[in-house]
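> let me see the structure of the following:
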Amino acid sequence: MKTALITGANKSIGFEVAQQLLQAGYYVYLGSRDSEKGEQAVAKFKSQGLDQVEVIQIDVSNSATIHTARVELGNKITSLDVLINNAGIRGEGDPSASFITPKAIRDVFNTNFFGTIEMTQAFLDLLRASDAPRIVNVTSGLTSLTLHSDPNWKYYKFKGAAYGPSKTALNAYTIALAFELRDTPFKINAVDPGYTATDFNQHQGTGTVEDAAARIVKYATIGQDGPTGGFFSDDNNPETGVSPW
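Predicted coordinates:
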């Protein structure tokens, strides 16, 4: 049975990703910053007969919890097939470039960028032990510098100095890691789930969590002939799914 670890999986898109992977026959380790909320999520799955799931307490902004989670998971399995770096925050306060505080930017980067790097490096040895390791870094359509420079883009006015840039940096890390591991079985991609109605945006998004999760699961389960080092967004490019950087 293939295994998957998903951060921020106790609700919203992460929860739906876990559900779709469970339905596909994966054993899911549900990463949750709050272990009680994680257990509640697991209970929901088990009430549906989806019992190949358990909680791993992880706060990606806290190095100690990442280390503890790695030790805990290493005591359970010898290889990991899929890592989905889903956990992320929008940040607090005015996001405009002239008013946002450096601390606010650091807080967002600590979770969305540095936390993802720590997660990836901590679990890389377990992933290397898989025959077909997959890493999906959940990004945003708002990270495209090309589109942010196009006044005709539908999200042209949606600019900020913290969330978007943190995910743009994550895209750059995705490219670097995929290149480093290009001659291995790894497939590593950045995937935009789309503008989805969740707590993250006060349910203002236009997409569903089911569709958002399906986009992520697609790249978490791609075959060996699939892409690596790509940035995929159906929202930015509905025809091919390939987003400009």
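> what's the lengthiest helix in the chain packed up against?
Scanning the chain for the longest helix, with DSSP state H as the assignment, gives helix 163-180. Judged by 3 or more Cβ pairs under 8 Å, 6 or more residues apart in numbering; DSSP states H and E, the packing partners of helix 163-180 are helix 102-109, helix 115-128, strand 134-138, strand 187-191. Placement of C-beta: from N, CA and C, glycine included.
> turn those into a markdown table, columns for mean pLDDT.
Converted to a markdown table, the helices and strands packed on helix 163-180 look like this (pLDDT from 0 to 100):
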| stretch | mean pLDDT |
| --- | --- |
| helix 102-109 | 96 |
| helix 115-128 | 98 |
| strand 134-138 | 98 |
| strand 187-191 | 98 |
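> tell me which of the ones you listed sits nearest to residue 5.
The minimum distance between residue 5 and these falls on helix 115-128, with 6.7 Å, by Cβ to Cβ.
> tilt between that closest one and strand 187-191?
150 degrees (axes from the mean of the first three to the mean of the last three Cα atoms, to 10 degrees).
> list the buried residues for helix 115-128?
By 16 or more other Cβ atoms under 10 Å, the buried positions in helix 115-128 come out as 115, 116, 117, 118, 119, 120, 122, 123, 124, 126, 127.
> the first one: what's its closest spatial neighbour, skipping adjacent residues?
What that stands for is residue 115. Leaving aside its sequence neighbours, residue 115 sits nearest to residue 60 (Cβ to Cβ, 6 or more residues apart in numbering; 3.3 Å).
> one more: the third one?
Of all residues beyond its chain neighbours, the one nearest residue 117 is residue 173 (6.2 Å), with distances taken as Cβ to Cβ, 6+ apart.
> so how many other residues sit close to the one you found?
Look at residue 173: counted by other Cβ atoms under 10 Å, it has 17 neighbours.
> again, but for residue 141
Residue 141 has 23 nearby residues by other Cβ under 10 Å.
> got it, and the one 3 residues further on?
Residue 144 has 25 neighbours, counted by other Cβ under 10 Å.
> how close does it get to residue 111?
Per Cβ to Cβ, to the nearest Å, residue 144 is found 21 Å from residue 111.
> with residue 143 instead?
Residue 143 is 15 Å from residue 111, by Cβ to Cβ.
> out of those two, which sits in the busier spot?
Of the pair residue 143 and residue 111, residue 143 is the one with more neighbours under other Cβ under 10 Å, namely 25 against 22.
> and that one, how far is that from residue 23?
Counting by Cβ to Cβ, the gap from residue 143 to residue 23 is 29 Å.
> any idea how far residue 124 lies from residue 217?
For residue 124, the distance to residue 217 - Cβ to Cβ - is 21 Å.
> scratch that, residue 105
31 Å.
> looking at these two, which has the bigger crowd around it?
Ranked by neighbour count (other Cβ under 10 Å), residue 105 and residue 217 place residue 217 first, with 24 against 20.
> need the contact list for the residue lying closest to that one once chain neighbours are set aside.
In this structure, residue 217 finds its nearest non-sequential neighbour in residue 20, 4.8 Å apart by Cβ to Cβ, 6+ apart. With contacts defined as Cβ atoms under 8 Å, 6 or more residues apart in numbering, the neighbours of residue 20 are 213, 214, 217.
> perfect, that will be all.
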